Structures are given as structure tokens and as C-alpha cells.
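K.L.:
here are the coordinates; sequence isn't available:
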């Protein structure tokens, strides 16, 4: 493909994408395919001769699209939103064309410096303390990670490295292996599974702290867990506070947990993957009160801020804690400015409340957790099996798409406002669809 054909095909692709986005509501939101559907539709090996562009695009429609879950459909209410916008798509094209790899400042100065400035902009929008911002002369700074899961792992590994150095300095001769056996990290029992996974990768114990009736981790519960482990000779070193849990969008009590972590000299990481974007709004900024106690903070612009996946923004109060834990300097990565200190080398709320109101008006249903942002957890009153059957009917009908969660012993349905194009009419149609399926299910059970 030469430049002239690229221009022509590029225009065609832009038209295809625009048509797709404008017509996405007309596509079935959840695919009706079985596992392994794709292999028989494709050749058994790569073709010797290239297909025409027209044939490839025809296959996209006939073979690929029938197996796509359309996350940007206004009838997609599962998981959490993933952002998309025309400006972000154009930016992806430019990034793909430039194709630089910004692992050091020298590898592409603009790449590193733009990331640093943009993370400061975003940090100021969130009213983060100056210590987290590079441009204020603070020791901290921001970096883009691929996901909140990745950010949690990076924070845990940095905290582990810091704890090991501190303990070895206090007790020379103490081996890293001996310290690793005693390290303990903590999170709420409502935290995302990626926290547990980070512990497995990092080779440390993870303790799940019981949450309260609002599914939030409290400072007193954390303090009790810390005291028990210290009495057993273990070493607490890392705590994850979740602001906006995946299961029900609950908020750990940061203003209580933060002082505990500071007193105990334990690294505090804030995972606000979903909810973080909302903190830009003055009416939700109070949910981030206590961030000054944190050592690191993360949220996902690729959920609400119209930035295409993947863009997870992470800030640390002391960037040397992060860079020092992973720093390697082979000759081919060194450059004359690396030690100058001037650079860092980087290695829908209203609609949810409307849905909540609709659910509350039907006495057959119950709301299962406080609705703060764009997630509503609800269920039919009755046994879990009843709600499992309802979810199966909802997703089998493929008009809308939902996923479940467990809150304590209850199986609940999650209704998340996801698409940037979703409107009140979509919410009301979805609720009418859910009600109709519930009526059919309850009628069948009575027969």
C-alpha cells in the first residue's frame, strides 16, 4: 500500500467508522455465537496471496462483527464504560504514524514531556495536592499506565522494594527472602481481584479487610487487622483503598484509613479506576477527601473522559520510590540529561439515578447498594437462583447486556451507564425490557 492508496483507504475507513458509530444502536449489542465460531470461517493457514481490501472489509462485516460485543452501544449496561470519541480516534492514528517508544526522555523528548505536562493538567483538575505534581516542584509526578490493575501492581512492587530496603537498613544481614515471608498487604473484601493478583505476582500475602454495611473498609477494621498481624510477627507494608468498587461502586473511608496508614508507615494506594473521573466535578470532589494521606493514586481516563483504551493515569507522591524500584541503566538507554532532575524517564450519573427511581417504583425489586455515580445494583426480591435466571433471560434476549456481582451472599444485577450516547429513552426501554422478562419469569415459576 503506497501513500496514495493509504489516503484513499484511509478516507474509506473513516467513513466506515463513522457509519459504524452512527448505526451502532441498530446492531445486536451482545453476539449470538458459540465458542469457536470463528475458526471454521477463516482459512486454516495464512494466505499465500493477499486478499483485496474490499474482500477484507467484507469479511469484517460478515465474520468479525457478528462476534463483537458492542461496548459503545447505548444498550450496553455491563461492566463499566470504556471511552471513545472521534478526536481520540484521530489521535490514535497520529500516534500510530509517529510510532515512537517513550521509554526514556532521549528516545523521544516530546513523548515524555507531553505526558508529564498533561498529567499535571489532569492532576490540577482533580485538585491533587502539589506533592503529586511535577510542575509545582514537588517530588511526585504522574505516569500513564495501561490499566488500574497495572498501576496497583506497580505501586505494590514499589512499596515492597521500599519496605525491604528499610528493614535491611534496620537489621543488616536480613535476607530479602526472609523479609518477603513476613510482608502483608491489605484491601477491602470488596476490592477488585487485580489487588489479589498483584499480591500473587509480588509474592506477598494479601489480607482482605471486612467491609461495613455500606461495603466500605473502615479505619478501625484496618487497624485491627494490622495489630493482629504485627502481634504475629508479620510486617504490614501496603494498603489499597478503593473509591468506587467494581461490585457496587462503594467507597472505602479514605479519611479514616489514611491516618492509620501514615501512623503505621504503610504505603497507601488509591484505586479510583471508575470513579476518579467524577472527582473533577465539584459536587463529587469530596469523595477524594483524604488523598493527601496517599502515596499513590490512580484512575482511568479511558472510562469517562473520552480517551480511547488504554489510558490509566497514576500519580505518586515521591517518584523516586517508583523509578528507583525498577531502574536499570544499560548503556543503550543512558543519555546525558538523565540525572539532571528536570525530567522523568517512563519505563453518567443522572441516568443512573433515573434507573434507580424506576427500580424503586416496582415492589418486586430492591436496590442493593447506595447509588453514587453511574452504577445501580439491583435484584428481584427472592432467592439468588431467581436473579440468576433473570440475568440469563436478559442476556439471552440480547437486546441489552448486563453482568452480575455478589454483595455478601446476594447475587445482584449491575446496571452501569456506559455509552456516551445513552439517553433517558434507552434507560427506560431497558427497564421496560427487564420488567417484562421479570414478569415472564415470575409467571413461569408460579405455573
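P.N.:
Sure, I can see it. This structure is a prediction, so every number in the text was calculated from the model and none was measured.

K.L.:
Could you pull up the residues touching the residue nearest to residue 84 when sequence neighbours are not counted?
P.N.:
Excluding its sequence neighbours, the residue lying closest to residue 84 (CB to CB, 6 or more residues apart in numbering) is residue 72, at 5.4 Å. Glycine gets a C-beta too; all of them are placed from N, C-alpha and C. Residue 72 makes contact with 21, 24, 82, 84, 418-421 under the criterion CB atoms under 8 Å, 6 or more residues apart in numbering.

K.L.:
Just the pLDDT for residue 291.
P.N.:
pLDDT recorded at residue 291 is 96.

K.L.:
Can you name the residues that contact it?
P.N.:
Applying CB under 8 Å, 6+ apart, the residues contacting residue 291 are 128-129, 254, 270, 297.

K.L.:
Next step: those residues restricted to helices.
P.N.:
The helices in this structure, assigned by DSSP state H, contain residue 254 from these.

K.L.:
export the contacts of residue 291 to TSV and tack on distance to residue 384, pLDDT and neighbour count?
P.N.:
Below are the contacts of residue 291 laid out as TSV (distance: CB to CB, whole Å; pLDDT from 0 to 100; neighbours: other CB atoms under 10 Å):
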residue	distance to residue 384	pLDDT	neighbour count
128	41	95	25
129	43	93	17
254	32	96	26
270	32	96	30
297	36	96	30
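
K.L.:
what's the closest of the contacts of residue 291 to residue 238?
P.N.:
The closest of the contacts of residue 291 to residue 238 turns out to be residue 270 (CB to CB; 12.2 Å).

K.L.:
Could you measure from the closest one over to residue 153?
P.N.:
Noted for residue 270: a distance of 15 Å to residue 153, by CB to CB, to the nearest Å.

K.L.:
Repeat that for residue 187.
P.N.:
Taking CB to CB, one finds residue 187 at 13 Å from residue 153.

K.L.:
Might one say that residue 136 is in contact with residue 124?
P.N.:
No. Counting by CB atoms under 8 Å, residue 136 stays clear of residue 124, with 9.1 Å between them.

K.L.:
Tell me which residues of stretch 84-95 come out buried.
P.N.:
For stretch 84-95, burial by neighbour count (16 or more other CB atoms under 10 Å) applies to 84, 88.

K.L.:
residues making contact with it?
P.N.:
17-18, 21, 72, 306-308, 420.

K.L.:
Narrow those to those that are buried.
P.N.:
The neighbour-count criterion (16+ other CB under 10 Å) marks 72, 307-308 among the contacts of stretch 84-95 as buried.

K.L.:
and which of those residues is nearest residue 111?
P.N.:
Of the buried ones among the contacts of stretch 84-95, the one sitting nearest to residue 111 (CB to CB) turns out to be residue 307, at 16.2 Å.

K.L.:
If we ignore the residues flanking it in sequence, what's nearest residue 68?
P.N.:
Nearest to residue 68 is residue 31, by CB to CB, 6+ apart, at 6.3 Å.

K.L.:
still on that earlier bit, can you lay out the contacts of residue 291 as TSV showing distance to residue 382?
P.N.:
As requested, the contacts of residue 291 are exported to TSV (distance: CB to CB, whole Å):
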residue	distance to residue 382
128	45
129	47
254	35
270	37
297	40
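
K.L.:
one step back: helix, strand or coil for the residue nearest to residue 84?
P.N.:
Recorded secondary structure, residue 72: coil (DSSP: H, G, I helix; E, B strand; the rest coil).

K.L.:
now the helices for the chain?
P.N.:
Assigned by DSSP H, the helices in the chain fall at 3-22, 53-59, 86-98, 109-125, 148-170, 176-180, 193-202, 219-231, 254-263, 301-304, 319-326, 349-360, 384-397, 424-446.

K.L.:
Now tabulate the contacts of residue 72 in JSON lines and tack on pLDDT.
P.N.:
Putting these into JSON lines (pLDDT from 0 to 100) gives the following:
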{"residue": "21", "pLDDT": "93"}
{"residue": "24", "pLDDT": "93"}
{"residue": "82", "pLDDT": "84"}
{"residue": "84", "pLDDT": "85"}
{"residue": "418", "pLDDT": "86"}
{"residue": "419", "pLDDT": "84"}
{"residue": "420", "pLDDT": "82"}
{"residue": "421", "pLDDT": "84"}
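
K.L.:
In a markdown table: those residues, plus distance to residue 2.
P.N.:
Rendered in a markdown table, the data for the contacts of residue 72 read as follows (distance: CB to CB, whole Å):
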| residue | distance to residue 2 |
| --- | --- |
| 21 | 28 |
| 24 | 32 |
| 82 | 34 |
| 84 | 30 |
| 418 | 40 |
| 419 | 37 |
| 420 | 36 |
| 421 | 37 |
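
K.L.:
Just give me the residue right at the centre of this protein.
P.N.:
Computing the C-alpha centroid of the chain and ranking residues by CA atoms, centre = their mean puts residue 273 first, at 4.1 Å.

K.L.:
Now do the contacts for the closest residue to that one other than its chain neighbours.
P.N.:
The shortest distance from residue 273 to any non-neighbouring residue, by CB to CB, 6+ apart, is to residue 148 (3.5 Å). Residues in contact with residue 148 (CB under 8 Å, 6+ apart) are 192, 194, 271, 273, 298-300, 312.

K.L.:
Sort out for me which of those are in strands.
P.N.:
Among the contacts of residue 148, the members found in strands (DSSP state E) are 271, 298-299, 312.
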